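>>> please work out how this folds:
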Amino acid sequence: MKQLRHNIIRAGLETLYFTGAHRVLRPILAGVGTILMLHNVRPRLDDPFQPNRHLEVTPEFLRATLRHLRDNDVDVITLDEMHRRLTEQDFSRRFACITLDDGYRDNRDFALAAFEEFEAPFTIYVTSDFADGRGRLWWITLQRLIARHDRIEAEIGDETFVFDCATPPAKQLTFERLHDLLRGLPGGEDLVEAMAALCRRYGFDDTEVSRELCLTWDELRSLATHPLVTIGAHGISHALLAKQSEPVATEEITQSRARIEQQLGREVAHLAYPYGDRSAAGLREFAIARAAGFKTAVTTRPGMIFAGSCAHMTALPRVSLNGNYQNNRLLPVLMSGAATAMWNSFRLFDAA
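This is a model prediction of the structure:
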């Protein structure tokens, strides 16, 4: 089902490109700038089972994106500079901010060289538990569990589910089903508890992935001194904030910043909501971030930045550089605002 959705989205992007509609719509829908969202940046893997492929792009595609921005005379700027331009309504030039979520080591090992080549600043949003080495990147853990077994039995809520997953297509379906079941659990800690039980059943350490893939505090201390790097906050545990009580959501937002500031010895002024979609962050979370004094906070809701975005500094949209659509010719479509406008039914702001 999700592959069908990807195919439909890709077909829509291709249609905008081949008809040239994105060029016609760009002056109306591109706004004043964009915030690009990435996660992993690393060489392409050959494994036929990669359900999290949408979260990664290759270094070559990142370079193609930066080249596209440069060739189109777009300023790649820091979030601080974007905040200034929005606050002062300084839109003499188009801009792009580049953000990477979670704090993966490949951001340093593979992405940094591309940013240095183009002298492009970028922000890494750090989940403090991941840097501690005790976080739970459950979506990657789930992928690895399914990859290692031909049959998975899982207790989700009050039900037991059994999946035969001997082939790559069956593994993909198993991942999609379990992912949706876990995200759909009602309580704030239900997902964590269900994944912990699944890991115990199969003898898997659910904190192993964060130690393997994420930057440690020592590594972040070194990286944070780089003149192109801004470090932002991304929660303590990467929790679904909207499903937490207000005190817990407030602690996740405020203490994630406090931990980073304590560890790195520098101010943290920018936030990315974990997951960041409508089910994970809404008006309450936007208000908490605003009250906590963050200059900006970003969602994963798709959209461009417009002059009026200054009224929604803690509910800013982003454009995902999705690993399923790594095609250079689609870059002008993504930057035109046409695709996100259609996704949003042509609303300029989605901050409710």
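>>> in three-state terms, label the most centrally placed residue in the chain for me.
The centroid of the chain falls nearest to Asp101 when counting by Cα atoms, centre = their mean (4.9 Å). Reduced to three states with DSSP: H, G, I helix; E, B strand; the rest coil, the structure at Asp101 is strand.
>>> in stretch 265-275, which residues are buried?
Within stretch 265-275, the residues scored as buried using 16 or more other Cβ atoms under 10 Å are 268-275. In short, each C-beta sits where N, CA and C put it, glycine included.
>>> what's near enough to touch the residue nearest to the centre of the chain?
Shown in contact with Asp101 (Cβ atoms under 8 Å, 6 or more residues apart in numbering): 37-39, 125, 234, 272.
>>> go again with 10 Å.
37-40, 55, 107, 123-127, 232, 234, 238, 272-276, 298, 300, 318 (Cβ atoms under 10 Å, 6 or more residues apart in numbering).
>>> please apply the same query to Leu215.
102-109, 124, 126, 130-131, 221-224, 231.
>>> circling back: let's have the buried residues of stretch 265-275 in JSON lines, adding pLDDT and distance to Asp46.
Below are the buried residues of stretch 265-275 laid out as JSON lines (pLDDT from 0 to 100; distance: Cβ to Cβ, whole Å):
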{"residue": "Val268", "pLDDT": "98", "distance to Asp46": "38"}
{"residue": "Ala269", "pLDDT": "98", "distance to Asp46": "40"}
{"residue": "His270", "pLDDT": "98", "distance to Asp46": "36"}
{"residue": "Leu271", "pLDDT": "98", "distance to Asp46": "36"}
{"residue": "Ala272", "pLDDT": "98", "distance to Asp46": "30"}
{"residue": "Tyr273", "pLDDT": "98", "distance to Asp46": "33"}
{"residue": "Pro274", "pLDDT": "98", "distance to Asp46": "30"}
{"residue": "Tyr275", "pLDDT": "97", "distance to Asp46": "28"}
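>>> between those, which is closest to His68?
Ranked by distance to His68 (Cβ to Cβ), those are led by Ala272 at 23.2 Å.
>>> related to what we said a few turns ago, okay, and which of the buried residues of stretch 265-275 map to strands?
270-272 (DSSP state E).
>>> can I get these in a markdown table with distance to Leu79?
Output for these, formatted as a markdown table (distance: Cβ to Cβ, whole Å):
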| residue | distance to Leu79 |
| --- | --- |
| His270 | 5 |
| Leu271 | 10 |
| Ala272 | 10 |
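>>> of the residues you listed, closest to Met342?
Ala272 (24.3 Å).
>>> now the least confident helix or strand in the chain by mean pLDDT, how far from the chain's geometric center?
Within the chain, no helix or strand scores below helix 2-19, which has a mean of 81 by mean pLDDT, DSSP states H and E. Centre-to-centre, helix 2-19 and its host chain are 21 Å apart (Cα atoms, centre = their mean, to the nearest Å).
>>> residues in contact with it?
With contacts defined as Cβ under 10 Å, 6+ apart, helix 2-19 is touched by 21-25, 51, 53-54, 169, 172-173, 175-176, 179-180, 322, 324-325, 327, 329-334, 336, 338-339, 342-343.
>>> who are the packing partners of whatever helix or strand comes next after that helix?
Using DSSP states H and E, the helix or strand that follows helix 2-19 in sequence is helix 21-29. With contacts taken as 3 or more Cβ pairs under 10 Å, 6 or more residues apart in numbering; DSSP states H and E, helix 21-29 sits against helix 2-19, helix 331-336, helix 338-343.
>>> give me the low-pLDDT residue ranges for this structure?
Scanning the chain for pLDDT under 70 picks out 1, 3-4.
>>> could you pull out the strands for the stretch 251-352 of the chain?
270-272, 296-302, 316-320 (DSSP state E, counting those that start in this stretch).
>>> for the first one, packing partners?
By that I understand strand 270-272. helix 79-88, strand 95-102, strand 122-126, strand 229-233, helix 246-264, helix 283-291, strand 296-302, strand 316-320.
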